[in-house]
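Asks: got a predicted structure plus its sequence, pasted below:
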Amino acid sequence: MEKLAKKIRNIPDFPKKGILFRDITPLLQDPSSFRRAVDLLSRHYQGKELDLVVSVEARGFILGAPLAYKLGLGFVPVRKPGKLPYKVERTTYELEYGQDTIEIHQDAIRRGDRVLVFDDLLATGGTARGICDLVEKLGGKIAGVCFLIELTSLKGRDKLKEYDVFSLIKF
């Protein structure tokens, strides 16, 4: 993990003063690191009973879709308002620097689907909690919540206590 962690670039004061942004672009640019990250994430869930990977735009899609592919699962996108063309469910949640709203197609999850929620980063847990709420509202069961990076000092895991949470890299 240390080798992958070294591929994460720190950008201070982005998107606003006081935030240290963890930029995954260098990891994604390196084919071997990108492949290793997807392989390690998928290895953790190999053999588990899952139906779908649900991931949020935009950076969540970058690793969430290949993770679904590697696990042989379907992929469901969660997007910002107005980006999905069909009937949606939505939720608004708190971020470490404001509020946001996300949406999912109403027919994206079937009752009883076992869902792996993936996002690139766990900070305060608001986004992941919002995704879990949407999945459960549609009748899905959260089988796991996983992240490339976890910022442990922000205690986002506390908002996800009832779920099996896995993070590949911790800062």
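Replies: Everything's here; your move. Remember, it's a predicted structure, so these values are computed and weren't measured experimentally. Numbering: from 1, shown residues only.
Asks: burial of residue 161, as a residue count?
Replies: When neighbours are defined as other CB atoms under 10 Å, residue 161 has 8 of them. In short, each C-beta sits where N, CA and C put it, glycine included.
Asks: now residue 53: closest residue in space, sequence neighbours ignored.
Replies: Counting by CB to CB, 6 or more residues apart in numbering, the nearest residue to residue 53 once its immediate chain neighbours are dropped is residue 68, at 3.8 Å.
Asks: next, the buried residues of the lowest-mean-pLDDT helix or strand in the chain.
Replies: Within the chain, no helix or strand scores below strand 88-95, which has a mean of 90 by mean pLDDT, DSSP states H and E. By 16 or more other CB atoms under 10 Å, the buried positions in strand 88-95 come out as 88, 89, 90, 91, 93.
Asks: so where's this protein shaky on pLDDT?
Replies: Within the chain, the segments meeting pLDDT under 70 span 96-97.
Asks: and the longest helix along the chain, C-alpha only, in PDB?
Replies: Ranked by residue count, the top helix of the chain under DSSP state H comes out as helix 31-45. Extracted as PDB, the C-alpha positions of helix 31-45 are listed here (Å, rounded to 0.1, in the frame of the first residue of the first chain):
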ATOM      1  CA  PRO A  31      -0.700   1.800 -15.500                       C
ATOM      2  CA  SER A  32       0.900  -0.500 -12.900                       C
ATOM      3  CA  SER A  33      -0.400   1.500  -9.900                       C
ATOM      4  CA  PHE A  34      -3.900   1.800 -11.500                       C
ATOM      5  CA  ARG A  35      -4.000  -2.000 -12.200                       C
ATOM      6  CA  ARG A  36      -2.700  -2.800  -8.700                       C
ATOM      7  CA  ALA A  37      -5.300  -0.600  -7.000                       C
ATOM      8  CA  VAL A  38      -8.200  -2.300  -8.900                       C
ATOM      9  CA  ASP A  39      -6.700  -5.700  -8.300                       C
ATOM     10  CA  LEU A  40      -6.300  -5.200  -4.500                       C
ATOM     11  CA  LEU A  41      -9.800  -3.700  -4.200                       C
ATOM     12  CA  SER A  42     -11.300  -6.600  -6.100                       C
ATOM     13  CA  ARG A  43      -9.300  -9.200  -4.200                       C
ATOM     14  CA  HIS A  44     -10.800  -8.100  -1.000                       C
ATOM     15  CA  TYR A  45     -14.300  -8.800  -2.300                       C
END
